[in-house]
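Colleague: Starting from these lines, generate the structure:
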Amino acid sequence: MPPIDNGTVIGDDAEEFEVKQYSASIETRHLEDTCDKISGLKSREDVIFENANQYEHSCNYSFKVKKDSVAEILAIIEALNPKDLNESTFTIKNLIEDYTSEADILKKRLASIEEILNDAIKAYDDISRLATRTQDVESLAKIIDSKIMIIERLTQERVYINSQLERIERSKAEQLDRLEYVYFNVNVLENKFIDGENIKDSWKNAVKLFVSEVNETVQDITVNLVALLFVVLQYVIYFFIILVIVKYGWKITKNFWKK
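Modeller: Numbers count the residues shown, from 1 in each chain. So this is what the prediction gives:
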């Protein structure tokens, strides 16, 4: 939907171009049932869905309703106890007038191009006949090249304007179609007082965290213990080396003094 035009509206017929839309936000403990009640409106001929999305913990819908059926559809939504239900009304008169004005300008440009194109073709045909009678081959070749270039340029411009006109007319038709309907945007969110899935997931996460912390503690103890054993072993080896050195050193010293 285009943004609301807050500019000044000229004239006293703005209400003839009014568009109304409702936005509803619903919180429910029974997500599937609530979403089914909204999506069930698709089967009605006076309701046209434009967008529908369903997720694990929410759903949202955008649809338009024939004006004669708005009160009934609104009652269905109100029965679902929406947390928020907002109504907005705005006019698209300026937008329609802008489309109309732009289309008129393009139509005038298109008519002018058609006239120039026809005149150019006629003029070049006259010059070509004259050049042919005078057997001026060089001039005839230049005339033909120039004619082709101008016709191609004007033809491309005509195609471009036609595409612009089609876009504007299509957009204008879409906006005029909005005058026949009232638009609804409904968002539904699951909100359980006791959510078994969340509780189960919470326990799973807590157990995983506990196991991870215990594992980390055991790893730290094991690694540190092994490291301590290596340090002790290192000092034991140093002790025995020193002991051997002292023992044999003492023997050597005793033998030396005896001699």
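Colleague: how about the strands of this structure, start to end?
Modeller: 18-28, 47-54, 58-66, 84-91, 181-190 (DSSP state E).
Colleague: Minimum distance to residue 251: which of the ones you listed has it?
Modeller: Residue 251 lies closest to strand 181-190 among those, at 89.0 Å (CB to CB). Yep, even glycine has a C-beta here, placed from its N, CA and C like the rest.
Colleague: Parallel or antiparallel, list what pairs with the closest one.
Modeller: Based on DSSP bridges, the pairing partners of strand 181-190 within the sheet are strand 18-28 (parallel), strand 58-66 (antiparallel).
Colleague: The strands of the chain: which one's closest to residue 233?
Modeller: Here strand 181-190 is closest among these (CB to CB), at 61.7 Å.
Colleague: Quick check: buried residues in that closest one?
Modeller: 181-190 (16 or more other CB atoms under 10 Å).
Colleague: could the strands of the chain go into JSON lines alongside mean pLDDT and distance to residue 158?
Modeller: Compiled in JSON lines, the strands of the chain are given as follows (pLDDT from 0 to 100; distance: least, CB to CB, whole Å):
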{"stretch": "strand 18-28", "mean pLDDT": "92", "distance to residue 158": "35"}
{"stretch": "strand 47-54", "mean pLDDT": "94", "distance to residue 158": "35"}
{"stretch": "strand 58-66", "mean pLDDT": "95", "distance to residue 158": "36"}
{"stretch": "strand 84-91", "mean pLDDT": "91", "distance to residue 158": "35"}
{"stretch": "strand 181-190", "mean pLDDT": "94", "distance to residue 158": "36"}
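Colleague: Could you export those strands to TSV, including columns for distance to residue 100?
Modeller: Compiled in TSV, those are given as follows (distance: least, CB to CB, whole Å):
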stretch	distance to residue 100
strand 18-28	17
strand 47-54	25
strand 58-66	23
strand 84-91	15
strand 181-190	21
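Colleague: And those: which comes nearest residue 104?
Modeller: Per CB to CB, nearest to residue 104 of these: strand 84-91, 20.9 Å.
Colleague: for that closest one, packing partners?
Modeller: Applying 3 or more CB pairs under 8 Å, 6 or more residues apart in numbering; DSSP states H and E, one finds that strand 84-91 makes contact with strand 18-28.
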